[in-house]
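*Asks:* sequence? don't have it. structure:
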């Protein structure tokens with residue numbers, strides 16, 4: 001479920017549709033460290049996701065402090081400018097084509 005907590009995604013939808021991942025909207029992540037309510041909501045969503053047996057992804061992670069805090073509360077996956085800015089399909093294809101295979105893997 002993309003953008004959990006905003007627009008048309010809600011807790012009600014978690015029961016109505018098969019969900020295998022919850023993605024926390026970047027608007028919550030950007031307020032981490034500035035707003036105690038944002039941290040409480042994020043932690044609650046992570047606990048809810050884990051209780052349901054689904055993976056939780058935080059979108060919009062832009063600092064090492066946020067990465068560490070999200071890891072500490074058990075967020076499964078992180079996305080955002082801390083790791084990479086969004087790339088075009090062509091750029092991703094070029095990067096993958098130029099990447100060396102891991103040791104022991106032959107093409």
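*Replies:* In hand now; what should we look at? As the structure is a computational prediction, the values presented were derived from the model and not from experiment. Residues are numbered from 1 along each chain as shown.
*Asks:* buried stuff in the biggest helix by length in the chain?
*Replies:* Longest helix of the chain, by residue count under DSSP state H: helix 36-52. Residues of helix 36-52 classed as buried by neighbour count (16 or more other C-beta atoms under 10 Å): 38-39, 41-43, 45-46, 49. (Glycine included, C-beta is placed from N, CA and C.)
*Asks:* closest to residue 65 among those?
*Replies:* residue 39 (11.8 Å; C-beta to C-beta).
*Asks:* Report the mean per-residue pLDDT for the helix or strand hosting residue 90.
*Replies:* Residue 90 belongs to helix 89-98 when elements are defined using DSSP states H and E. What helix 89-98 shows for mean pLDDT is 89.
*Asks:* Stretch 44-60 too?
*Replies:* 93.
*Asks:* helices or strands up against the helix holding residue 90?
*Replies:* On a contact count with 3 or more C-beta pairs under 8 Å, 6 or more residues apart in numbering; DSSP states H and E, helix 89-98 meets no helix or strand.
*Asks:* quick one: contacts of the longest helix of the chain?
*Replies:* 4-5, 11, 14, 19, 22, 24, 28-29, 31-33, 55-56, 58, 69-70, 73-76 (C-beta atoms under 8 Å, 6 or more residues apart in numbering).
*Asks:* Give me the buried entries from those.
*Replies:* Counted by 16+ other C-beta under 10 Å, these give 4-5, 14, 19, 22, 24, 28-29, 32, 56, 58, 69-70, 75-76 as buried.
*Asks:* from the residues you listed, which single one is nearest residue 85?
*Replies:* Using C-beta to C-beta, the buried ones among the contacts of helix 36-52 come closest to residue 85 at residue 29, 15.6 Å.
*Asks:* Roughly how far does that closest one sit from residue 61?
*Replies:* Here residue 29 is placed at a distance of 6 Å from residue 61 (C-beta to C-beta, to the nearest Å).
*Asks:* ok, now residue 45?
*Replies:* On the measure of C-beta to C-beta, residue 45 and residue 61 end up 15 Å apart.
*Asks:* Which parts of this protein are helices?
*Replies:* Counting by DSSP H, the helices of the chain are 11-16, 26-29, 36-52, 64-72, 89-98.
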